[in-house]
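Engineer: Task: produce atomic coordinates for the following.
(one chain, ligands or ions: 2)
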Amino acid sequence: MRDAQPSTVYLKDYRQPDYLVDSTRLRFELEPNSTLVESRLAVRRNPAAGEGLPPLRLDGVDLELISVAMDGVPLSKEEYTCHAEGLIIPVHRAEFTLEIHNRIDPERNTSLEGLYLSNGMYCTQCEAEGFRKITYYPDRPDVMSRFTTTIVASKDYPVLLSNGNEIERGEVDADRHFVTWEDPFAKPAYLFALVAGKLEKVEDHFTTMSGREVTLQIFTEAKNIGKCAHAMRSLKAAMRWDEEVYGREYDLDIFMIVAVDHFNMGAMENKGLNIFNSACVLASPETATDAAFQRIESIVAHEYFHNWSGNRVTCRDWFQLSLKEGFTVFRDAEFSADMNSRAVKRIEDVSMLRTSQFAEDAGPMSHPVRPDSYMEISNFYTLTVYEKGAEVVRMIHTLLGSEGFRRGSDLYFERHDGCAVTCEDFVAAMEDANGVDLKQFRRWYSQAGTPVLEIDDDYDSAGKRYTLTVRQSCPATPGQSEKLPFHIPLKLGLLAADGSELALDSEGTKETVLEVTAAEQVFVFENIPERPLPSLLRGFSAPVKVRYGYTPAQLRLLMRADTDAFNRWDAGQRLAFGALAQLQRDYRAGTELQLQPELLEAYRSVLQQEDLDPALVAEMLTLPSAQTLAEEADIIDAEAIIAARKFTERALAEALYEELLQTYQRLDHDKPYRPVADDIAERRLKNTALAYLCITEREEALQLADSQFASATNMTDSAAALAALVNRGDDQRASTVLHDFYERWKEDDQVVELWLSVQSSSPRRGTLEAVRALMAHPAFELTNPNRVRSVIGAFANRNFEQFHQADGSGFRFLAEQVIALDKLNPQIAARLVTPITRWKKYTEGPREKMHAALQSVMDAGQLSADLYEVVSKSLKTD
Ligand code: TRP
Ligand code: ZN
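Structural biologist: Numbers count the residues shown, from 1 in each chain. Ligands and ions are numbered 1, 2, ... in the order given. The predicted structure follows:
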């Protein structure tokens, strides 16, 4: 906990480290409440950091210091300074060894940062600044060292793991044993890992492109050993893909993954020893949904890809976080696109970006992809750094083409292997390898906010000339009132009235990327035979909002005929968005709500397109979420959004009932389960149809859900039926299926979490009381982030209707939980509070209630630095 107001760190203050650590020898004696850590560092003055011998400053938090010795000579307490955040030691020689002994308490560590216990198993999480909770150390990514780690533990912990290769093992005495690991690659402390526990493993092998054999191991508790196959398959696919697409090969003889139940994020790329949230690695057809299978595939790949984009080439400082995260998200997205349906993957990613990242960009915590200041770095593991960062890398890919991009990435890896570098170095490698100038493009790293493109066009039929005028702007964000124009790749095509694509030039090019660089820019296309319909921002070629005055008829043409699958979907979203905006106005005006006929006909035609990828059909049948509508609104009228959306869903379900039923029946075949794209697509459409059918609450529809629930042989179908029945129909039926489901699956952690989140995200009346009741259920644990996310997180983020109840009860509930959680796990508390930080955008009633809830968090006092940063920045009114 914090005594003083946390201080702000600025990018402009970056200085090289004064001292380097050539080698780090660690020895752990593991005990739940008193683990002894001995570290021996070979320290050397950094020649690049200047003259003289300044004192050595080491980071250290929540440590009990036992002793310090320099070159073998113990230091007395007067010879160094020990303060709440570390040690300061005077230095007299340019090279010396430092030996430090300290104690830590893994059992009481509920922050899940540093060394902690999860269900009796020791594990670590060091990124970003967790290593300082293990021992005193220069805990910054530009200090890279060779680690050797000895773990001593009771034989009750048979498996003892750390980074690199095992070099020695043996007995200490009758009860205790040890293992020593050596990592041949120098790495920053944030990539250190240790695991000790009673674990089983599955093992496999991979032969790299140069013919080296790599052993692959996944460790879990015995009961989950049957749930590792999908992760192993994904790992091998990712290893092959990185060789084929980036020419990158794995570099150690062994690659390990460990599944841990208590984990703050998805997974962590520790060198040679990735640690995963159990939910992001374990799956079986009976217990995991298609979405979980796909998430696992992409996270396993993400962490594996970090071995090059993150570990071999790491970040100089944490302001550069997107250097590894943006690039690695781009890499995993491309991998997933290659493994599954490219268009559907793109749609999912863009929906998330538009809904959640755009909201972040417009909210009180708005920051550039490369932030220029922070109080607590953990708060900057954001959608902006990850997802918008990935879009920035994608734009470079679009501007350079795949071959140019590959030349750039080859140069980047070659130039900076073994180094800690910056986003600037990444862009420079892309420029140098291609002879291009990305000077203006760099603004994507430094300017926050979502740019808006206003596009007008004009057709001169006599001259057969088509003109597009593009104006760009970007709203002010905290600390950045003026924005300079961005360099925006705008991919487009032009459609004729019959839906065919028009040639854009004499060579017959059908698609082009315009480079928008000025605040206002005019693009002229010659020899266009008729007034075209522009298909703009194909594939979402830049993270911007496009305003263009499409008519519903034009949108329907794009939905039907655009060659760009993403834009077909997007046209449907625009159509729905327009209809929903009108309904929100009608609701406020007290006018009777009516379904827009164009929307109904568009959805009907989508359902009739049996040749289209069923997953794409499912996406096209899904209305923009309430959260998306909220993000797009200047002022969020939660009540009107809920009313408009509910009305539309229901009206569509009623009007298209027969078509939906036919779709459901057509796809309701019992194939053996395989988590492959084609089958996933069919299940997705079938279950989308089922959800619509159940909105009508007709007995026939609810019975379909009932029988699907009873007969499902995979979790995708079972969970979809469960959700349909929990969300619709009478309470009795809902509680019966919930009860049955729990009784069947109560021993399975991942399924229990799904069971919790289905209830918390249900729009059924009285959900808040249900959520409170769930928190008293034995399955709930405030110290387990997955449980917190499944109950409190799902309610606040995925249940727009119940969370936004007009009495403000949802906001007060969230504030209470955040206050309680902050004492246990500040990182999770600071994330969980997000929904009420956006209070300024709401209409008066909710705005005041949200603000009051947020203020109550601040007034609770004694906030962690994590929570304090988010709450104080969000309460600001200037
Ligand atoms: N680097 C991890 C990733 O692959 C992120 C991460 C895992 C993390 N655990 C964390 C970040 C804990 C902060 C705190 O994206
Ligand atoms: Zn990552």
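
Engineer: Could I get the contacting residues of Thr81?
Structural biologist: 87-89 (CB atoms under 8 Å, 6 or more residues apart in numbering). Any C-beta I mention is one placed from the backbone N, CA and C, and that applies to glycine too.

Engineer: same thing with Ala279?
Structural biologist: So Ala279 contacts 292, 749-750, 753, 786 (CB under 8 Å, 6+ apart).

Engineer: mind checking the SS state of it?
Structural biologist: Under DSSP: H, G, I helix; E, B strand; the rest coil, Ala279 falls in the helix class.

Engineer: about what we covered before: take the contacts of Ala279 and lay them out in TSV including secondary structure and distance to Val258.
Structural biologist: Listed next are those as TSV, based on DSSP: H, G, I helix; E, B strand; the rest coil; distance: CB to CB, whole Å:
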residue	secondary structure	distance to Val258
Ala292	helix	18
Asp749	helix	15
Gln750	helix	16
Glu753	helix	19
Asn786	helix	16
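
Engineer: Near the residue of the stretch 351-500 of the chain found nearest ligand 2, how many other residues are there?
Structural biologist: Going by CB to the ion, ligand 2 is nearest to Tyr386 of the stretch 351-500 of the chain, at 7.2 Å. The tally of other residues near Tyr386 (other CB atoms under 10 Å) stands at 20.

Engineer: Over to Asp731?
Structural biologist: The tally of other residues near Asp731 (other CB under 10 Å) stands at 11.

Engineer: The stretch 301-450 of the chain against ligand 1: which residues are in contact?
Structural biologist: Within the stretch 301-450 of the chain, the positions near ligand 1 by CB under 6 Å from any ligand atom are 302-303, 325, 378, 381.

Engineer: Buried ones among these?
Structural biologist: Buried by 16 or more other CB atoms under 10 Å: 302-303, 325, 378, 381, out of these.

Engineer: Closest one to ligand 2 out of the contacts of Thr81, please.
Structural biologist: Leu87 (30.3 Å).

Engineer: Assign a three-state SS to the closest one, would you?
Structural biologist: On the basis of three-state DSSP, Leu87 is classed as strand.

Engineer: for Ile641, what are its contacts?
Structural biologist: Ile641 makes contact with 580, 584, 626, 629-630, 633, 800, according to CB under 8 Å, 6+ apart.

Engineer: One more: Ala448?
Structural biologist: Counting by CB under 8 Å, 6+ apart, Ala448 touches 361, 366-368, 384, 477-478, 480.

Engineer: how about a cut-off of 7 Å?
Structural biologist: Residues in contact with Ala448 (CB atoms under 7 Å, 6 or more residues apart in numbering) are 361, 366-368, 477, 480.

Engineer: what's around Gly845, how many residues?
Structural biologist: Other residues close to Gly845 by other CB under 10 Å number 14.

Engineer: these two touch, right, it and Asp807?
Structural biologist: No. Assessed by CB atoms under 7 Å, Gly845 is found out of contact with Asp807, at 9.5 Å.

Engineer: Can you give me the buried ones in stretch 201-210?
Structural biologist: 201-202, 204, 206.

Engineer: any residues touching it, and which ones?
Structural biologist: By CB under 7 Å, 6+ apart, the list of residues contacting stretch 201-210 from outside reads 213-219, 225, 228, 232, 236, 239, 243, 249-250.

Engineer: Now the residue in the stretch 701-850 of the chain that ligand 2 sits nearest to: which helix or strand?
Structural biologist: Ligand 2 sits closest to Gln827 of the stretch 701-850 of the chain, with a gap of 15.3 Å, by CB to the ion. Element membership for Gln827 (DSSP states H and E) is helix 826-832.

Engineer: Return that helix as CSV; C-alpha atoms alone will do.
Structural biologist: Only the C-alpha atoms of helix 826-832 are listed here, as CSV (Å, rounded to 0.1, in the frame of the first residue of the first chain):
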residue,chain,number,x,y,z
PRO,A,826,-4.4,-3.8,-6.9
GLN,A,827,-3.9,-4.7,-10.6
ILE,A,828,-7.3,-6.3,-10.9
ALA,A,829,-9.0,-3.6,-8.8
ALA,A,830,-7.6,-0.9,-11.1
ARG,A,831,-8.9,-2.8,-14.2
LEU,A,832,-12.3,-3.6,-12.8
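
Engineer: Return the distance of that helix from the chain's centre.
Structural biologist: Centre-to-centre, helix 826-832 and its host chain are 15 Å apart (CA atoms, centre = their mean, to the nearest Å).

Engineer: So which elements touch it?
Structural biologist: helix 785-788, helix 809-822, helix 865-875 (3 or more CB pairs under 7 Å, 6 or more residues apart in numbering; DSSP states H and E).

Engineer: how does it look with 6 Å?
Structural biologist: helix 809-822, helix 865-875 (3 or more CB pairs under 6 Å, 6 or more residues apart in numbering; DSSP states H and E).

Engineer: Would you mark the buried spots in the first one?
Structural biologist: Residues 810-815, 817-819, 821-822 are the ones in helix 809-822 that count as buried (16+ other CB under 10 Å).

Engineer: what's that helix packed up against?
Structural biologist: The contact analysis (3+ CB pairs under 6 Å, 6+ apart) places helix 809-822 against helix 826-832, helix 844-860.

Engineer: Was I right to think Tyr664 contacts Ala689?
Structural biologist: Yes. Assessed by CB atoms under 6 Å, Tyr664 is found in contact with Ala689 at 4.2 Å.

Engineer: distance between the ends of stretch 61-74?
Structural biologist: One end of stretch 61-74 to the other measures 22 Å (CA to CA, to the nearest Å).

Engineer: now what about it, what contacts it?
Structural biologist: Residues from elsewhere that reach stretch 61-74 (CB atoms under 6 Å, 6 or more residues apart in numbering): 75, 80, 82, 96-103, 132-133.

Engineer: Using JSON lines, please lay out those residues together with neighbour count, pLDDT and secondary structure.
Structural biologist: Converted to JSON lines, the contacts of stretch 61-74 look like this (neighbours: other CB atoms under 10 Å; pLDDT from 0 to 100; DSSP: H, G, I helix; E, B strand; the rest coil):
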{"residue": "Leu75", "neighbour count": "17", "pLDDT": "98", "secondary structure": "coil"}
{"residue": "Tyr80", "neighbour count": "18", "pLDDT": "98", "secondary structure": "coil"}
{"residue": "Cys82", "neighbour count": "16", "pLDDT": "98", "secondary structure": "strand"}
{"residue": "Phe96", "neighbour count": "19", "pLDDT": "98", "secondary structure": "strand"}
{"residue": "Thr97", "neighbour count": "15", "pLDDT": "98", "secondary structure": "strand"}
{"residue": "Leu98", "neighbour count": "23", "pLDDT": "98", "secondary structure": "strand"}
{"residue": "Glu99", "neighbour count": "18", "pLDDT": "98", "secondary structure": "strand"}
{"residue": "Ile100", "neighbour count": "24", "pLDDT": "98", "secondary structure": "strand"}
{"residue": "His101", "neighbour count": "17", "pLDDT": "98", "secondary structure": "strand"}
{"residue": "Asn102", "neighbour count": "20", "pLDDT": "99", "secondary structure": "strand"}
{"residue": "Arg103", "neighbour count": "15", "pLDDT": "99", "secondary structure": "strand"}
{"residue": "Arg132", "neighbour count": "23", "pLDDT": "98", "secondary structure": "helix"}
{"residue": "Lys133", "neighbour count": "23", "pLDDT": "98", "secondary structure": "helix"}
